[in-house]
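*Asks:* Predicted model, plus sequence, below.
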Amino acid sequence: MGEQQITVAPSAYNKARFIGHLLKDIKALQLMLDTGMVEDDVVRIGAEQEFCLTNKQWRPAQNAEELLEKIADPHFTTELAKYNLEINLDPQLFTGAALSAMEAQLLELLEKAKKVADEAESKIVLSGILPTIAKTQLNDAYITDRPRYEKLNETLRELRGAPFHLHLKGVDELNIEHQSVLFEACNTSFQLHLQIAPDDFVASYNWAQAISGPVLSICTNSPILLGRELWKETRIALFRQSIDIRNTSSALRDEAPRVGFGSEWAKGTVVDIFKDSIARHKVILDAPITEDSIEMVQNKKVPKLAALSLHNGTVYPWNRACYGNSGNGKAHLRIENRYIPSGPSVKDEMANLALWTGIMLGRPEKFDNMPAVMDFAEAKANFVKAARYGKDALLVWEGQHIKAEKLMLEVFLPMAYDGLRRIGLQNREIEAYLRIIKERISGQTGSNWMIRNYRKLKKNYTQDTALRLLTKAMHQKQQINTPVDQWSDIAQSEILQTAAAKVGHIMSTRLFTTRKDDLVALPLNIMQWKDIHHVPVVDDHGHLKGLLTWKHLQQFEEQVTQETSTVADLMVAKVHTAKPADKIKDALSLMKANMIGCLPVVQDDVVVGIITIKDLQEFL
């Protein structure tokens with residue numbers, strides 16, 4: 001998540017000073033380019049591994065900071081949520097056996113974290129979105145205790161001026177308002193870095209944009225959020241909407257979202273890319289800065305460009321321009337690929353890195369000037385379609401409509417082979433990783449495996465149990481580190497032995513509700529049609545106003561006139577309720593003590609579910 005030293009309560013004066021440093025950094029970068037202080041004769045790769053932490057029930061843990069302290073390794077750092085951590089891998093010169101060296105380091109660091117996690121009865125899971133994340137883990141109590149995260153949450157909420165709104169449609173639909181930026185933390189990525197020479201930066205950046213849709217289409221691993229089956233790579237829509245600070249009017253005047261693909265091809269130099277980002281996005285974090293970047297460059301010293309780096313870290317394009325200090329008296333530039341999800345296995349992630357870097361370096365000469373050969377809107381549309389439909393997406397390339405898997409197999413995979421050979425990677429390295437991609441193209445992605453198994457599990461288990469089974473199986477298969485194309489379906493031996501613990505784990509969210517002024521005939525018929533015995537009575541905002549039960553209606557059967565009686569005439573007005581975070585045993589005790597057969601589940605005064613005595617049979 002970047003720089004942690006930020007100003008928690010900045011004054012207008014401090015913010016103005018920060019902006020002054022930001023503008024100086026732009027001038028300093030231009031001066032560095034003009035005087036040859038940016039590397040142009042070497043290529044390095046790097047990566048950042050974000051991962052999820054679960055408890056022994058496979059639900060999000062809250063112990064990331066405790067584990068980080070025990071791991072005690074500078075490669076690890078915090079993330080926004082208390083159930084996520086990040087590993088920053090060492091940059092590798094991109095030649096020889098660079099990919100296998102990076103994989104070896106990643107496995108070693110994950111094993112180091114695993115040992116510490118095991119001691120705390122926690123597990124490490126690689127998933128673009130952890131299937132078991134629930135609404136109860138998306139409140140401020142789960143935000144990591146760091147000033148940067150607290151300030152980011154506070155500032156974005158103030159700028160938004162209203163609740164954040166998520167609306168995603170796939171096979172299922174998710175429509176929800178939330179008060180915290182923590183929905184962003186549902187996303188875990190395997191972020192890729194490729195060093196680019198300054199003179200080729202804009203051409204490479206535009207190429208990175210153009211290939212984003214095709215590459216994403218066969219790397220998807222995030223189809224499920226809050227139990228809903230949404231996009232093949234739900235992270236793309238979720239990340240954008242989760243921190244979208246624009247109101248309706250600003251969206252209509254084309255104010256750029258902080259998370260996005262962009263709106264046009266880049267022009268000029270890398271400095272112009274940074275200038276555009278500053279022009280389009282407000283400064284939302286600042287920090288005390290002492291270095292004078294222009295003075296340092298004039299003295300032949302490489303500055304951190306701290307202001308530029310901090311601002312750049314609060315803007316989230318799917319392909320991001322980055323600046324860094326190479327540590328040899330020169331700086332470097334790189335493109336960060338942010339759209340590749342975490343998982344399904346380390347082997348898959350490294351294959352994704354090989355694919356992307358190979359295509360980046362294998363760019364045919366005719367694509368050096370992307371604006372001349374492709375409309376930007378086509379590249380953007382390809383990206384959205386790939387996120388929605390994965391390798392089944394119908395993409396546009398060189399004016400032709402072509403299925404994503406065919407495009408990858410016939411155009412981009414050969415290009416990746418060529419690019420990796422050009423850079424001097426060992427042939428066995430190239431074949432080992434790109435063969436994984438080839439088999440995945442004709443086989444299954446992480447999203448394909450998850451969706452198929454989740455659908456099967458839901459036929460025999462509650463939603464909560466199905467999600468936990470899915471997460472457990474993912475973890476087990478990740479330990480073997482085989483590519484997802486080789487993953488078999490979940491077997492009986494992988495069935496859980498741990499029970500649900502909280503109301504939110506077993507409640508039904510598929511609710512049938514009624515209003516006080518409805519004719520009682522309506523809910524009465526719904527009960528008969530759907531074979532249900534309890535219907536919550538709510539107002540237009542979802543607030544609980546009463547409860548209709550089949551038993552109660554039978555008691556007043558003779559008094560019910562279906563043509564004239566309203567729900568308000570017959571509902572129970574005083575209703576016992578539960579909250580999603582309540583323990584199941586407490587809910588059961590409440591039902592027994594009051595001799596009732598159900599409890600509406602309420603969160604933030606809104607009905608979000610219901611549990612009945614039938615749901616509690618295994619706990620009786």
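*Replies:* Noted; the coordinates are in hand.

*Asks:* quick one: residue 277 from residue 324, how far?
*Replies:* 16 Å (CB to CB, to the nearest Å). Where you see a C-beta, it was placed from the backbone N, CA and C, and this is true even at glycine.

*Asks:* just for the stretch 301-450 of the chain, where's the confidence low?
*Replies:* Of all residues in the stretch 301-450 of the chain, none has pLDDT under 70.

*Asks:* That one: helices as residue ranges?
*Replies:* 306-312, 346-361, 370-373, 376-389, 404-407, 413-423, 427-442, 446-458 (DSSP state H, counting those that start in this stretch).

*Asks:* how about these, which one is nearest residue 266?
*Replies:* Closest to residue 266 of these is helix 370-373 (CB to CB; 8.9 Å).

*Asks:* which residues make contact with that closest one from outside it?
*Replies:* Outside helix 370-373, the residues that touch it by CB atoms under 8 Å, 6 or more residues apart in numbering are 203, 206-207, 209-210, 265, 366-367, 379, 398.

*Asks:* List the buried residues in it.
*Replies:* For helix 370-373, the neighbour count (16 or more other CB atoms under 10 Å) marks residue 370 as buried.

*Asks:* Can you show me the CA trace of that helix as CSV?
*Replies:* Listed next in CSV are the C-alpha coordinates belonging to helix 370-373 (Å, rounded to 0.1, in the frame of the first residue of the first chain):
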residue,chain,number,x,y,z
MET,A,370,-1.0,2.2,-30.9
PRO,A,371,-3.2,5.3,-31.7
ALA,A,372,-2.6,4.6,-35.4
VAL,A,373,-3.7,0.9,-35.3
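
*Asks:* ok now it, how far from the chain's centre?
*Replies:* How far helix 370-373 lies from its chain's middle: 31 Å, per CA atoms, centre = their mean, to the nearest Å.

*Asks:* how close does residue 217 get to residue 117?
*Replies:* 33 Å.

*Asks:* Of those two, which one has the most company?
*Replies:* residue 217 (30 against 23; other CB atoms under 10 Å).

*Asks:* I'd like to know how many residues surround residue 459.
*Replies:* Neighbour tally, residue 459, other CB under 10 Å: 7.

*Asks:* Backbone dihedrals for it, both of them.
*Replies:* Residue 459 adopts backbone torsions of phi -70, psi -20, taken as degrees, to the nearest 10.

*Asks:* Am I right that residue 263 sits in a helix?
*Replies:* No. Checked against DSSP: H, G, I helix; E, B strand; the rest coil, residue 263 lies outside a helix; its state is coil.

*Asks:* confidence score at it?
*Replies:* According to the prediction, residue 263 has pLDDT 92.

*Asks:* Same question for the one 4 residues further on.
*Replies:* Looking at residue 267, its pLDDT stands at 97.

*Asks:* which ones are touching residue 612?
*Replies:* Counting by CB under 8 Å, 6+ apart, residue 612 touches 508, 533-534, 597-598.

*Asks:* From those, keep the buried residues only.
*Replies:* Buried among the contacts of residue 612 (16+ other CB under 10 Å): 508, 533-534, 598.

*Asks:* Excluding chain neighbours, what is closest to residue 150?
*Replies:* Once flanking residues are discounted, residue 150 sits nearest to residue 143: 6.7 Å by CB to CB, 6 or more residues apart in numbering.

*Asks:* Would you map out the domains in the chain?
*Replies:* Per automatic domain parsing, the structural domains of the chain span 12-362+371-442, 451-496, 504-619.

*Asks:* now, of those domains, which is deepest in the fold?
*Replies:* domain 12-362+371-442 (a mean of 19; mean count of other CB atoms under 10 Å).

*Asks:* Quick one: end-to-end distance for that domain.
*Replies:* For domain 12-362+371-442, the first-to-last residue distance is 57 Å (CA to CA, to the nearest Å).

*Asks:* Check stretch 489-509 too.
*Replies:* Termini of stretch 489-509 sit 27 Å apart (CA to CA).

*Asks:* Chain neighbours aside, what residue packs nearest to residue 130?
*Replies:* Per CB to CB, 6+ apart, closest to residue 130 is residue 52, 4.4 Å.

*Asks:* The one you found against residue 131, yeah?
*Replies:* No. Applying CB atoms under 8 Å, one finds residue 52 not in contact with residue 131, separated by 9.7 Å.
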